[in-house]
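Peer 1: Requesting a structural model of the entry that follows:
(chains A and B)
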Amino acid sequence: MQLSEQELVRREKLAKLRALDINPYPADLFPVNHTSKQVKDKYEDGKKVIIAGRLMRKKIQGKASFGEIQDSEGRIQVYFNRDEICPGDDKSKYNELFKKLLDLGDFIGIEGELFTTQVGEITINIKDFKLLSKALKPLPLPKTDSDGNTYDEFNDPEMRYRQRYADLVVNPHVKEVFVKRTKLFNAMRNFFNDAGYFEVETPILQPIPGGAAARPFITHHNSLDIPLYMRIANELYLKRLIVGGFDGVYEFSKNFRNEGMDRTHNPEFTAMEIYVSYKDYNWMMDFCEQLLEHCAIAVNGTTEATFGEHNINFKAPYARVTMADSIKHFTGFDITGKTEDEIRQTAKDMNIEVDETMGKGKLIDEIFGEKCEGNYIQPTFITDYPKEMSPLCKEHRENPELTERFELMVCGKEIANAYSELNDPIDQRERFEHQLKLAEKGDDEATEFIDHDFLRALEYGMPPTSGMGIGMDRLIMFLTNNQSIQEVLFFPQMRPERKQVEMTEEEKTVFEILKSNSPIDLNNLKSQSGLSNKKWDKTIKGLTSKKVAKVLKNDDGLFVEII
RNA sequence: GACUAGUUAGCUCAGUUGGCAGAGCAUCUCCCUUUUAAGGAGAGGGUCCUGGGUUCGAGCCCCAGACUGGUCACCA
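Peer 2: As a prediction, this is how the structure comes out:
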């Protein structure tokens, strides 16, 4: 492990602290009684406070210094005065411990009294402080001036995602996104609980992955000696609970899909699904718009939100458009009563890529996706989807080609999907079988499964039920104006970092020669190694930087010596 | 998967025609008792993403690869 100069310096300081009998990682509780925010909100001149946090600014001015402590709520300025901290003759706590051995990023605990500086900043006059935890790695140090300009911002996405801990420490706006994320979950949970619905948990490891068309992750259970799939959706389990007699159940579910990754897809993501008995999709639309209005206010204090160039308003009610009307509106083509071939030809005429594996529903979905979807900026319910692409949804009460389904579109993206749930077990079995045929028709190797246990549950009888799923990650992207899902996940999936090798093969070879013959003439060693010029240069520089060898120059020439 | 941009000090970034590796902040040393990204003086700090090639000489040119971002496609 190669350490930078600054890391080495901090390790030396660690040793010095121990030599002074100061434990850099003490175990004892520190009796914090204020946060930085409480200090500012409840300011009283001369008030005694005890706070703790990271030292994030250290400006030494001789016998007194200013610093800044960052805790979970923000930052507060602190004032280190030598004679306050060291009232006696021994000034070492200020001169040594504070000035020389404390670094930015260290956790310290502080006891002091509040005052306001001449420039009007609330500050803690430190009476005593204690090192609580030493930081061995320097944090990035973004700075902001009084005009709001930032300097040295820690902004490389790769590093921010890989080292989210550092990102959170130095970028308060990043932390704010995750605070809002949790507010969203709490608001939604409260809304459901107030409505009398019941939060449940269902299996993540499933013998049959159901409830969506997606490629699952497969794992293996050793004792049972069977494959298990990580869930792609929780729909079929929640409906089993409606069969079991709950009026309303919901779950925030981590789902896993073994598919591509991009700025809107992470292999694991969070969906919320809710099922309410004796309701239909019309009721669910009302419920959905009330819910989102409530959530937007809980998160941002307003129903309005900015997303990129768009201003969106989550205030209910939202426009409702059937899919057929939407396609008619944006293309002039009326899909009602048309055959599969007519629709395929129309799609081709619109220059939409289609192939023979696509059924009628898929073709309609392609046309909608290509020509309509992107136009819905304000929250809009698209209703009445073709039957073929909705195998878990009840047939439309007025048109057997359609289903009672809606999706909520915002900024051209789907954020909610809901049905009047199919509860006819015979129809459901036929739809599953039809899906199986579609999967066989397409060359996609993703196998479809028929969940016979789910059908058995339906055969016991499920009350009329409406269900809805909401993509939580996408919703929070809209509410925090982030274009990338990685920005709203603490730890987005990343390719593994490349491991640093201790010593390359070439370095080992040269080191072996050196071990039996040191010091040795540099050119002699080079020819013995048999390396190319460039490779030799890299190798010898590698060895010297690792401090296992050094190059000596004297009157007789250049020599390499083992250290 | 395709296209495209990037990878240089702890952080943010320069780097000219191929000729000693640069700046600001951070770090280290010294001075400074109410400062506001920013006091003064001095010093140290580099696997220029990796591997190969061209060349007397490569951060720079050529080839291959890695990782990341963006756009598109695929996938919900």
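Peer 1: From A:M188, how far off is the closest residue to A:F314 other than its chain neighbours?
Peer 2: With CB to CB, 6 or more residues apart in numbering as the measure, A:A296 is the residue that lies nearest to A:F314, at 3.9 Å, once sequence neighbours are left out. The way it works is simple: take the backbone N, C-alpha and C, and place the C-beta from them, glycine included. Distance of A:A296 to A:M188, computed by CB to CB, to the nearest Å: 11 Å.
Peer 1: and the residue nearest to A:F314, that one's in a helix?
Peer 2: Yes - when classified by DSSP: H, G, I helix; E, B strand; the rest coil, A:A296 is found to be part of a helix.
Peer 1: wait, isn't A:K328 in contact with A:D334?
Peer 2: Yes - A:K328 lies in contact with A:D334 (CB atoms under 8 Å); the separation is 5.1 Å.
Peer 1: Please say which of these two ends up with more neighbours.
Peer 2: Neighbour tally, A:K328 and A:D334, criterion other CB atoms under 10 Å: the higher count belongs to A:K328, 15 against 12.
Peer 1: ok, now which ones touch the more buried one?
Peer 2: Going by CB atoms under 8 Å, 6 or more residues apart in numbering, A:K328 touches A:D334, A:I335.
Peer 1: hang on, it is in a strand, isn't it?
Peer 2: No - when three-state DSSP is applied, A:K328 is found to be helix, with no strand at that position.
Peer 1: measure it to A:L455 for me?
Peer 2: 37 Å.
Peer 1: Now name the helix or strand holding A:V169.
Peer 2: Using DSSP states H and E, A:V169 sits within helix A:164-170.
Peer 1: Which elements pack onto that helix?
Peer 2: helix A:157-162, helix A:172-194 (3 or more CB pairs under 8 Å, 6 or more residues apart in numbering; DSSP states H and E).
Peer 1: The longest one packs against which elements?
Peer 2: So the one you mean is helix A:172-194. On a contact count with 3+ CB pairs under 8 Å, 6+ apart, helix A:172-194 meets helix A:164-170, strand A:198-199, strand A:248-256, helix A:281-300, helix A:472-480.
Peer 1: Contacts only, for the residue nearest to the spatial centre of chain A.
Peer 2: Within chain A, the residue whose C-alpha comes closest to the C-alpha centroid is A:L489; the distance, by CA atoms, centre = their mean, is 0.7 Å. With contact set as CB under 8 Å, 6+ apart, A:L489 has these partners: A:N266, A:F269, A:D473.
Peer 1: ditto for A:V170
Peer 2: A:V170 makes contacts with A:L139, A:P140, A:L141, A:P142, A:F154, as judged by CB under 8 Å, 6+ apart.
Peer 1: Going through these, which ones are buried?
Peer 2: With neighbours counted using 16 or more other CB atoms under 10 Å, the contacts of A:V170 contain these buried positions: A:L139, A:P140, A:F154.
Peer 1: wait, which of those is closest to RNA strand B?
Peer 2: Minimum separation from RNA strand B among these (CB to the nearest atom of the strand) is found for A:P140, which lies at 3.6 Å.
Peer 1: Was I right to think the closest one contacts A:F154?
Peer 2: Yes - using CB under 8 Å as the test, A:P140 is close enough to A:F154 to be in contact (3.8 Å).
Peer 1: Counting by contacts, list what the helix or strand containing A:L458 packs against.
Peer 2: When secondary structure is defined by DSSP H and E, A:L458 falls within helix A:452-459. Using 3+ CB pairs under 8 Å, 6+ apart as the contact criterion, the elements in contact with helix A:452-459 are helix A:235-243, helix A:425-441.
Peer 1: Wasn't A:G369 part of a strand?
Peer 2: No - applying three-state DSSP, one finds A:G369 to be helix, outside a strand.
Peer 1: closest point of the stretch 401-550 of chain A to RNA strand B, which residue?
Peer 2: At 3.2 Å from RNA strand B, A:R495 is the closest residue in the stretch 401-550 of chain A, using CB to the nearest atom of the strand.
Peer 1: same check, this time on the stretch 1-150 of chain A
Peer 2: A:G62 (2.2 Å).
Peer 1: What residues does the stretch 251-400 of chain A have near RNA strand B?
Peer 2: A:R257, A:E259, A:G260, A:D262, A:R263, A:H265, A:E353, A:G369, A:E373 (CB under 7 Å from any atom of the strand).
Peer 1: Let's see that with 6 Å instead.
Peer 2: Counting by CB under 6 Å from any atom of the strand, the residues of the stretch 251-400 of chain A lying close to RNA strand B are A:E259, A:G260, A:D262, A:R263, A:H265, A:E353, A:G369.
Peer 1: how about A:G412, what does it touch?
Peer 2: A:E373, A:G374, A:N375, A:Y376, A:I377.
Peer 1: hang on, the earlier thing: could you tell me the model confidence score at the residue nearest to the centre of chain A?
Peer 2: The predicted structure scores A:L489 at 93 on the pLDDT scale.
Peer 1: measure it to A:E289 for me?
Peer 2: 27 Å.
Peer 1: And for A:D145?
Peer 2: Look at A:D145 and A:E289: by CB to CB, they are 43 Å apart.
Peer 1: what about those two, which has more around it?
Peer 2: Each of A:D145 and A:E289 had its neighbours counted (other CB under 10 Å), and the higher figure belongs to A:E289 (20 against 8).
Peer 1: Could you find the closest non-adjacent residue to that one?
Peer 2: Closest residue to A:E289 apart from its sequence neighbours, by CB to CB, 6+ apart: A:A316 at 3.6 Å.
Peer 1: quick one, what contacts that neighbour?
Peer 2: A:D286, A:E289, A:Q290, A:L292, A:E293.
Peer 1: number of nearby residues for the residue nearest to A:E459 when sequence neighbours are not counted?
Peer 2: Excluding the flanking residues, the one nearest A:E459 by CB to CB, 6+ apart is A:P425, at 4.5 Å. Other residues near A:P425 number 17, with proximity taken as other CB under 10 Å.
Peer 1: quick one on the thing from earlier: now, the residues of the stretch 251-400 of chain A next to RNA strand B that are in helices?
Peer 2: Secondary structure of these is defined by DSSP state H; positions in helices are A:G369.
Peer 1: possible to save the residues of the stretch 251-400 of chain A next to RNA strand B as TSV with distance to A:D41, pLDDT and neighbour count?
Peer 2: Written out in TSV, the entries for those read as follows (distance: CB to CB, whole Å; pLDDT from 0 to 100; neighbours: other CB atoms under 10 Å):
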residue	distance to A:D41	pLDDT	neighbour count
A:E259	47	85	13
A:G260	47	82	7
A:D262	43	85	10
A:R263	38	86	12
A:H265	41	90	13
A:E353	59	76	9
A:G369	50	86	13
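Peer 1: Three-state assignment for A:N311, please.
Peer 2: Local secondary structure at A:N311 is given as strand here, using three-state DSSP.
Peer 1: Tell me if I'm right that it and A:Q378 touch.
Peer 2: No - with contact defined as CB under 8 Å, A:N311 and A:Q378 do not form a contacting pair (9.1 Å).
Peer 1: who has more neighbours, the two?
Peer 2: Neighbours were counted for A:N311 and for A:Q378 using other CB under 10 Å; A:Q378 has more, 15 against 11.
Peer 1: Turn the helices and strands packed on helix A:172-194 into JSON lines, columns for distance to A:L132.
Peer 2: Formatted as JSON lines, the helices and strands packed on helix A:172-194 follow (distance: least, CB to CB, whole Å):
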{"stretch": "helix A:164-170", "distance to A:L132": "15"}
{"stretch": "strand A:198-199", "distance to A:L132": "37"}
{"stretch": "strand A:248-256", "distance to A:L132": "34"}
{"stretch": "helix A:281-300", "distance to A:L132": "33"}
{"stretch": "helix A:472-480", "distance to A:L132": "32"}
